[in-house]
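>>> Fold the following, please.
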Amino acid sequence: MLRFLIRRTALGAIVLWLISMLVFTLFFVAPSNVARTLAGRQATPETVALIQHRLGLDLPIWQQYVGFVGRALRGDLGFDYYHQVPVTTIIGEAMPITISLVLGAAVLWLALGVFNGVMSAIRPRSFLDRSLTAFALFFYSMPSFLLGLLLLYFLYFQLTLAGIRIFPPGGYAPLRDGVGPWVQHLILPWVTLALVSAAIYTRLTRASMLDVLGEDYIRTARSKGIAERRVIVRHGLRSALTPVVTQFGIDVGVLLGGAVVTETVFSLPGLGKASLDALTQQNQPVIIATVLLGSAAVVVANIIVDVVYAVLDPRVRLN
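Presented below is the predicted three-dimensional model:
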């Protein structure tokens, strides 16, 4: 286990290093002039040159990259060009919002998707199976921004017009203000992400369960008189969860880098919103930091998925 973690951590560090070089290079290859944007349209060439010098943008790209890596290894990701605050401050303010959004939605979509998939698999081609399949296809085909806008329209706007104030129009209430306001502001974003993602997990769980339930060891367990619920949960579901865990690790890792659409629709100032603003403003330090953070989340999620494989399937060995 220790050798596996060391090897995967080293591989993940190499991946992050390559991604940092790619993002850093793309930023300079793209036609942009941050100093000109910061100086304004009426600025003189001298003013633009002075801003470039203060930001270190007049140095060769390799010197800028080496300086960035050296500072990053010390925990310094630079300063926001436009707000003159450390990038770590921006990340520290946005990360709890994205984590709250993604983990809350992940619990909902995993529970809903796995339950619906199991119910469809144990009653194939029944009315329940067809209904759950239609449910999955409906939400799988719906864009998340459209579903979010529909939830805001019916559960916020229409209810507010009727004098029923349950859901806020958007924004975020930190957990320190109380669990109630925190859940109230996140329940609609959670449902939006969960319904769209649960559709994938319903189909994935159903297909995997149908394959597993046809295996010889399932028939052997039933012939021994083991209760059907135990056969389904203990023997069938445990083996069927391997592809589900793979998809779950990828989805959570990617969304932790920023759920851009959902955060924009519900005005959540998370990592997705910070990334979008940084791209619009060509704010290099914030762009690189959010990309690296998202990449690190995917790397860590994949390592955790490999460990979970060994727990679910004793045949898997981490060596």
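>>> Go over the secondary structure and confirm residue 307 is in a helix.
Yes: assessed by DSSP: H, G, I helix; E, B strand; the rest coil, residue 307 belongs to a helix.
>>> ok, so what distance separates it from residue 44?
Distance, residue 307 to residue 44, using CB to CB, to the nearest Å: 58 Å. Every C-beta, even on glycine, is put in place using the N, C-alpha and C of the backbone.
>>> end-to-end on stretch 67-80?
End-to-end span of stretch 67-80 (CA to CA, to the nearest Å): 16 Å.
>>> How far does that stretch sit from its chain's centre?
24 Å (CA atoms, centre = their mean, to the nearest Å).
>>> now what about that stretch, what contacts it?
Contact partners of stretch 67-80, identified using CB atoms under 8 Å, 6 or more residues apart in numbering, comprise 20, 24, 56, 59, 85-88, 90-91, 283-286, 288-289, 292.
>>> buried set for it?
68, 72, 77, 78, 79, 80 (16 or more other CB atoms under 10 Å).
>>> what separates the fifth one from residue 243, distance-wise?
The reference is to residue 79. 43 Å.
>>> and if you look at residue 50?
Relative to residue 243, and taking CB to CB, residue 50 is found at 56 Å.
>>> and if you look at residue 24?
35 Å.
>>> still on that earlier bit, the more surrounded of residue 307 and residue 44?
residue 307 (15 against 9; other CB atoms under 10 Å).
>>> Please put the alpha-carbon coordinates of stretch 52-64 into PDB.
Output of stretch 52-64 as PDB, limited to C-alpha atoms (Å, rounded to 0.1, in the frame of the first residue of the first chain):
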ATOM      1  CA  GLN A  52       4.800  44.900 -17.300                       C
ATOM      2  CA  HIS A  53       8.000  45.400 -15.300                       C
ATOM      3  CA  ARG A  54       6.200  45.400 -11.900                       C
ATOM      4  CA  LEU A  55       4.300  42.200 -12.800                       C
ATOM      5  CA  GLY A  56       7.400  40.600 -14.200                       C
ATOM      6  CA  LEU A  57       5.900  40.100 -17.600                       C
ATOM      7  CA  ASP A  58       8.900  41.600 -19.300                       C
ATOM      8  CA  LEU A  59      11.000  38.600 -18.300                       C
ATOM      9  CA  PRO A  60      11.600  35.600 -20.600                       C
ATOM     10  CA  ILE A  61       8.900  33.000 -20.200                       C
ATOM     11  CA  TRP A  62      11.300  30.400 -18.800                       C
ATOM     12  CA  GLN A  63      12.400  32.800 -16.000                       C
ATOM     13  CA  GLN A  64       8.700  33.600 -15.200                       C
END
